[in-house]
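Chemist: Pasting the sequence and the predicted coordinates here, then a few questions.
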Amino acid sequence: MNAYNISNRFGRIRQALLLQKIDCFLLSSGANVSYACGFHAPDSYLIASQKGLTIITDFRYAADFRKMAKPPVSVAEINGTVFKTIRGILKKKSLKTVGFESRHLAFAECQALHELSKGKITWIPLKETIEPLREIKEDEELVNIRKAVQITLRAYDFIEKKLKAGMRELRVAAELERFIRLAGATSASFDIIVASGPNSSYPHAQITGRPMKNGEPVIIDMGVTVNGYKSDLTRTFFLGRINPVVRKIDTIVLQAQQMAIKAIKPGVLIRDIDGIARNYIKDKGFGKNFGHSLGHGVGLEVHEAPSINGKNGLRLKKGMVFTVEPGIYIAGSYGVRREEMVLVTSNGVEVLSGISRH
């Protein structure tokens, strides 16, 4: 990340601190630490204050991080224990009110920090720290997301030519893992799902050694990581002749997805996007067979804000990236899911992955 972008990001973090009326954030989640400093920073903490951004890490990463860190980011190597190092930095910078990530910091860690601070620091649990900033993607982030999407699409084109009856789910996943790494991804963004026949009726089916058969659907749900940024796409393939009932369900799922995507633009209530797809599927008689949310944000994490569900009363904003993934599942028999990634633009939506024919 260039110096201008990290300075701009730091400015927004400073504004977030002012809104919270605290001296600093203590970040411990990998995605938030990496976002704040502008590079992948595993196994680290970060103190974000009006004075700068300090990564706390150990010997394994310190030298590497120093090469990548640009002002206002600095690197502090752990001296003694991580908690004593954190206390020392807070004391040196006269930081008295600290907002920490209550969803990520373990109870034992909280207890250790309280004991070391001896009542001289006020610890404030926060459900969110800088996550709202991450909802709106910067141009540099979009470059990496687009690369991840393109590798995933190429992987689907590759595997489509190999799918055949008798091929085992585990073999499909192995072929995909090899392809994406050779194509430039550092890893899959999550464990690849390959669910054939009755396994496709379970939204997050565990992968098995089951051989695929003609006449049944095969759901593949996968994504890749590029420079820390994720993709997440699902395709449903069909081996041989498609069962007419399954074809009908596939058509319903596709129509629900297209209707929801068409409605996406800045200012629209998120719950309304979910409702468009959900109500269409319900009207077709399959409401009880679509039990998960319509989508989720994608970025440094494969599941992040915004959550595209029927309870989210927030409005869409330009720069949000999320999935649209309706599905219908007939337990024990078969399932169909389609998942695309979209970007909210100034006057509508861009489908980053294109509308799949699968």
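Modeler: Arrived safely.

Chemist: Report how many residues lie close to Val245.
Modeler: 11 (other C-beta atoms under 10 Å). The way it works is simple: take the backbone N, C-alpha and C, and place the C-beta from them, glycine included.

Chemist: for the helix or strand it falls within, packing partners?
Modeler: Assessed by DSSP states H and E, Val245 sits inside helix 244-262. Packing partners of helix 244-262 (3 or more C-beta pairs under 8 Å, 6 or more residues apart in numbering; DSSP states H and E): helix 270-283, strand 321-324, strand 327-330, strand 334-337, strand 340-344.

Chemist: For the stretch 1-150 of the chain, which segments are assigned as helices?
Modeler: Per DSSP state H, counting those that start in this stretch, the stretch 1-150 of the chain carries helices over the ranges 3-20, 30-37, 59-68, 82-92, 107-117, 131-134, 139-160.

Chemist: Just name the most buried of those helices.
Modeler: Mean neighbours per residue, mean count of other C-beta atoms under 10 Å, is largest over the helices of the stretch 1-150 of the chain for helix 30-37, with a mean of 24.

Chemist: That one to helix 3-20, inter-axis angle?
Modeler: Following axes from the mean of the first three to the mean of the last three C-alpha atoms, to 10 degrees, one obtains 120 degrees for the angle between helix 30-37 and helix 3-20.

Chemist: Next, count neighbours for Phe179.
Modeler: Phe179: 19 surrounding residues under other C-beta under 10 Å.

Chemist: For it, give me the pLDDT.
Modeler: If you check Phe179, the pLDDT there is 98.

Chemist: Over to the one 4 residues further on?
Modeler: We note a pLDDT of 98 for Ala183 in this prediction.

Chemist: before we move on, the earlier item: can you redo the helices and strands packed on helix 244-262 as CSV with distance to Glu128?
Modeler: Formatted as CSV, the helices and strands packed on helix 244-262 follow (distance: least, C-beta to C-beta, whole Å):
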stretch, distance to Glu128
helix 270-283, 16
strand 321-324, 17
strand 327-330, 28
strand 334-337, 29
strand 340-344, 20
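
Chemist: Looking at those, spot the one closest to Phe39.
Modeler: If you check each of the helices and strands packed on helix 244-262 against Phe39 by C-beta to C-beta, strand 321-324 wins as the nearest, at 19.8 Å.

Chemist: Can you name every helix or strand that that closest one contacts?
Modeler: helix 244-262, strand 295-297, strand 304-308, strand 340-344.

Chemist: Can you give me the buried ones in the helix holding Val245?
Modeler: For helix 244-262, a neighbour-count test (16 or more other C-beta atoms under 10 Å) marks 246, 249-250, 252-254, 256-261 as buried.

Chemist: do the same with stretch 332-344
Modeler: For stretch 332-344, by 16+ other C-beta under 10 Å, it's 334-344.

Chemist: now do stretch 189-198
Modeler: For stretch 189-198, burial by neighbour count (16+ other C-beta under 10 Å) applies to 189-190, 192-198.

Chemist: And the contacts of that stretch?
Modeler: For stretch 189-198, contacts defined as C-beta atoms under 8 Å, 6 or more residues apart in numbering pick out 148, 169-170, 172-173, 176-177, 202, 204-205, 207, 210, 212-213, 216-225, 230-232, 234, 239, 302, 332-335.

Chemist: ok, back up a step: could I get the helices of the stretch 1-150 of the chain as JSON lines with mean pLDDT and distance to Val351?
Modeler: Formatted as JSON lines, the helices of the stretch 1-150 of the chain follow (pLDDT from 0 to 100; distance: least, C-beta to C-beta, whole Å):
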{"stretch": "helix 3-20", "mean pLDDT": "90", "distance to Val351": "26"}
{"stretch": "helix 30-37", "mean pLDDT": "96", "distance to Val351": "24"}
{"stretch": "helix 59-68", "mean pLDDT": "96", "distance to Val351": "33"}
{"stretch": "helix 82-92", "mean pLDDT": "94", "distance to Val351": "43"}
{"stretch": "helix 107-117", "mean pLDDT": "86", "distance to Val351": "41"}
{"stretch": "helix 131-134", "mean pLDDT": "96", "distance to Val351": "21"}
{"stretch": "helix 139-160", "mean pLDDT": "97", "distance to Val351": "10"}
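
Chemist: Indicate which one of the ones you listed is closest to Asp274.
Modeler: Proximity to Asp274 (C-beta to C-beta) singles out helix 131-134 among these, at 19.8 Å.

Chemist: Using neighbour counts, pick out the buried residues of stretch 98-105.
Modeler: Buried residues in stretch 98-105 (16+ other C-beta under 10 Å): 98-101, 105.

Chemist: The residues you listed into JSON lines, with extra columns for pLDDT and distance to Leu126?
Modeler: Listed next are the buried residues of stretch 98-105 as JSON lines, based on pLDDT from 0 to 100; distance: C-beta to C-beta, whole Å:
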{"residue": "Val98", "pLDDT": "96", "distance to Leu126": "10"}
{"residue": "Gly99", "pLDDT": "96", "distance to Leu126": "5"}
{"residue": "Phe100", "pLDDT": "95", "distance to Leu126": "7"}
{"residue": "Glu101", "pLDDT": "95", "distance to Leu126": "6"}
{"residue": "Leu105", "pLDDT": "87", "distance to Leu126": "10"}
